[in-house]
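A.B. asks: Could you work out the structure for the sequence below:
(chains A and B)
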Amino acid sequence: MSATTRSSGPWLPRLVVAPSFLLSLLFIYGLMAWNGYLSFSASRILPNYDFVGLAQYEALFDNERFRVAMGNLAIFGVLFIGGAMAVGVVLAILLDQKVRGEGLLRTIYLYPMAISFIVTGTAWKWMLNPGQGLEHLMHQWGFENFSFDWLINPEMAIYCVVIAGVWQSAGFVMALFLAALRGVDESIIKAAQVDGASLPRIYWSIILPSLRPVFFSTLLVVSHLAIKSFDLVMALTSGGPGFATDLPATFMYAHAFTRGQIGLGAASATVMLATVAAIVVPYLYSELRAKR
Amino acid sequence: MNRLTLHRLLLWAVLLIFAAWFLTPLYVMVVTSLKDAEQLRVGHLLSLPTAPTLDAWSKAWSSACTGVQCEGLQPFFWNSVITVVPAVLVSTLLGALNGYVLSKWKFPGSETLFAFMLFGVFMPMQVVLLPMSQVLGWLGIASSVWGLVFVHVLAGIPSTTLFFRNYYVGLPDELIKAAMLDGASFWQIFCRIVLPLSTPILVVTLIWQFTNIWNDFLYGVVFSGADSKPITVGLNNLANTSSSVKEYHVDMAAALIAAMPTLIVYIVAGKFFVRGLTAGAVKG
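C.D. replies: Numbers count the residues shown, from 1 in each chain, chains lettered A, B, ... in the order given. Okay, the predicted model is just below:
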């Protein structure tokens, strides 16, 4: 028995992981390469493999809708990441002050993470709609001149996406930072207090700097969420009015699956991949190096 | 002392304002879903229903229109259930096996393979959508529940592998070595020693996968056919079906139906949900 175990040691484990490793590496890198290939082809409604070089990318960057989508990604990215990080960090610090009922408050702050972006989008669409939502509420409360039409205003609609996005994701940042704050050595805080440092100062110059690793990993997660944002826009504005709230993900979906522009869709997916890779690869690399 | 109570008061004020901000949408959804069209017209966002009714709920469940079809969310709900159950179980099982090998049966190159796999946790799925729809066609499972299950399993393996690997690294190697000396095989060690110690990470992974797959919209909207659309697609179609009068009370009931399963899991097992979130974020 033990002899067979020894000899099966080297190959059995490999055999067990081989199918799922092979499949998922093919899934990730094989399809990624294939998509890249499609982006160099003349594919429209059906994939075809006539090589056209960078023509799709040139068309993509000339495309006004794509430029709007990238511009929106910049606005949405900065405000969503900044908003979620700021609200999350503040909540984590406040909750760390040994408040009674912390468990309940934490549950309240975090529940949006458990629901789908489609649910969030549907709910905020109702609350922000100009006719019966927030505007109507303010009118009934006596603010007759209150006007709030961001959701149907092409200039402002993207900020509605930001508001709903921050609402959904801030609790997540809070959870990560709260976990990290609990790991901070109490004696450092005690020592600083003995030296007469005020609490805000202790947080600002001692505790927060010590949370740098958490800060970076949270930033990484939230920013890749921002680049991949799709559901929320689809449910809240469907990319509209017009294409005023398009993001690269909704652009890709529209062109690849509803407008019969497979080559252009593939090229936009590659641009998204490059954006995510620019953030993730250096991070993963430094993490894995640090482990060794 | 006075200064201290003032600080406490301020602290509580901020905490409660945020609590209100987070709770308002849920409150609005619930009160709106209990109104009828007339109460919706007369009242406002925050007003309580004057005569609460479950009509919007029953309409959302069984008769609201989602495009041309008017059967409510019911068929979508069951599509999601039959997609989620096999997808969660298979991806969790594969993750456990991979994690076991990657932590206790390392072989040359296993760490590198794992590193390459990790990128799958982050990559934007848009980049696989087009080729994947071709592959599903070849396999004959395009537009079916099985196609969706297949995609969810593939997309889930990197995270489930990561969860189990990181957990199993913490199990003492001596345990495995002792069992090997006693003549236990690869499978015996897994089933008799490792699995019984895995309950916490199993719960975390099951909840994580359940929440992600139930809430997925991208794969659902791209890969499903008429008979396999998941609940998120149903809800989005329902809320975006243009009719002469917007029935927001039905939309809100539908949104609550779609959110219910994951919300219940969150409330019952929130601790494990949070652990999954933090484990999924602090990777490597």
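A.B. asks: in the stretch 151-284 of chain B, which segments are predicted with low confidence?
C.D. replies: B:242-244, B:279-284 (pLDDT under 70).
A.B. asks: Recalculate using a threshold of 50.
C.D. replies: B:283-284 (pLDDT under 50).
A.B. asks: buried sites along stretch A:239-257?
C.D. replies: Within stretch A:239-257, the residues that qualify as buried are A:239, A:243-257, counting by 16 or more other CB atoms under 10 Å in any protein chain shown. Placement of C-beta: from N, CA and C, glycine included.
A.B. asks: Among the residues you listed, which lie within strands?
C.D. replies: Among the buried residues of stretch A:239-257, no member is found in strands (DSSP state E).
A.B. asks: Pick the one among those residues closest to B:Lys35.
C.D. replies: A:Thr245 (28.7 Å; CB to CB).
A.B. asks: ok, the closest one to B:Ala226 distance?
C.D. replies: 28 Å (CB to CB, to the nearest Å).
A.B. asks: tally of neighbours for A:Pro209?
C.D. replies: If you count neighbours by other CB atoms under 10 Å in any protein chain shown, A:Pro209 ends up with 10.
A.B. asks: Tell me the predicted confidence for it.
C.D. replies: The model reports A:Pro209 with a pLDDT of 87.
A.B. asks: and it, which of the three is it?
C.D. replies: helix (DSSP: H, G, I helix; E, B strand; the rest coil).
A.B. asks: Pull up the gap between it and chain B, please.
C.D. replies: Using CB to the nearest CB, to the nearest Å, A:Pro209 is found at 18 Å from chain B.
A.B. asks: With A:Ser210 instead?
C.D. replies: Counting by CB to the nearest CB, the gap from A:Ser210 to chain B is 15 Å.
A.B. asks: Can you get me a residue count around that residue?
C.D. replies: Neighbour tally, A:Ser210, other CB under 10 Å: 15.
A.B. asks: Could you pull up the contacting residues of the closest residue to it other than its chain neighbours?
C.D. replies: Once flanking residues are discounted, A:Ser210 sits nearest to A:Val184: 6.4 Å by CB to CB, 6 or more residues apart in numbering or on different chains. By CB atoms under 8 Å, 6 or more residues apart in numbering or on different chains, the contact set of A:Val184 is A:Ile207, A:Ser210, A:Leu211.
A.B. asks: who touches the first one in this structure?
C.D. replies: A:Ile207 makes contact with A:Leu181, A:Val184, A:Ile188, A:Ile189, according to CB under 8 Å, 6+ apart.
A.B. asks: how deep is A:His200 tucked in, by neighbour count?
C.D. replies: I think there's a mix-up here, since residue A:200 is Pro and not His. 9.
A.B. asks: Just the helices from the stretch 1-150 of chain B, written as ranges.
C.D. replies: All helices of the stretch 1-150 of chain B, identified by DSSP state H, counting those that start in this stretch, fall at B:2-33, B:37-42, B:55-62, B:74-104, B:110-122, B:126-139, B:145-168.
A.B. asks: The ones you listed: which one's closest to A:Val276?
C.D. replies: helix B:110-122 (6.1 Å).
A.B. asks: That closest one and chain A, are they touching?
C.D. replies: Yes. Shown here: helix B:110-122 in contact with chain A (CB under 8 Å from any CB of the partner chain) through B:Ser110, B:Leu113, B:Ala115, B:Phe116, B:Met117, B:Leu118, B:Phe119, B:Gly120, B:Phe122.
A.B. asks: Could you check how far the first one is from B:Asn98?
C.D. replies: Distance of B:Ser110 to B:Asn98, computed by CB to CB: 10 Å.
A.B. asks: what separates B:Leu148 from B:Val14, distance-wise?
C.D. replies: Separation of B:Leu148 from B:Val14 (CB to CB) stands at 43 Å.
A.B. asks: more neighbours, the two?
C.D. replies: B:Leu148 (30 against 13).
A.B. asks: What residues does the residue nearest to A:Asp231 when sequence neighbours are not counted make contact with?
C.D. replies: Nearest residue to A:Asp231 in three dimensions, chain neighbours excluded: A:Phe117, at 3.7 Å (CB to CB, 6+ apart). A:Phe117 makes contact with A:Gln168, A:Ser229, A:Asp231, A:Leu232, A:Ala235, B:Asn215, B:Phe217, according to CB under 8 Å, 6+ apart.
A.B. asks: Swap in 7 Å and give it another go.
C.D. replies: Residues in contact with A:Phe117 (CB atoms under 7 Å, 6 or more residues apart in numbering or on different chains) are A:Gln168, A:Asp231, A:Leu232, A:Ala235, B:Phe217.
A.B. asks: likewise B:Ser63?
C.D. replies: Contacts of B:Ser63 (CB under 7 Å, 6+ apart): B:Cys70, B:Glu71, B:Gly72.
A.B. asks: from these, which is closest to chain A?
C.D. replies: Ranked by distance to chain A (CB to the nearest CB), the contacts of B:Ser63 are led by B:Gly72 at 15.1 Å.
A.B. asks: What pLDDT does the model give the residue lying closest to that closest one once chain neighbours are set aside?
C.D. replies: Residue nearest to B:Gly72 in three dimensions, not counting chain neighbours: B:Ser62, with 4.2 Å by CB to CB, 6+ apart. Looking at B:Ser62, its pLDDT is 88.
A.B. asks: What count of nearby residues applies to B:Ser62?
C.D. replies: For B:Ser62, using other CB under 10 Å, the count is 13.
A.B. asks: Report whether the expected contact of it with B:Phe76 is present.
C.D. replies: No. Counting by CB atoms under 7 Å, B:Ser62 does not reach B:Phe76; the two are 11.6 Å apart.
A.B. asks: residues from the stretch 1-150 of chain B in reach of chain A?
C.D. replies: Residues of the stretch 1-150 of chain B lying close to chain A by CB under 7 Å from any CB of the partner chain are B:11, B:14-15, B:18-19, B:22-23, B:25, B:28-29, B:32, B:44-46, B:94, B:97-98, B:101, B:105, B:107, B:113, B:115-120, B:122-124, B:126-132, B:134.
A.B. asks: I appreciate the help and will end here.
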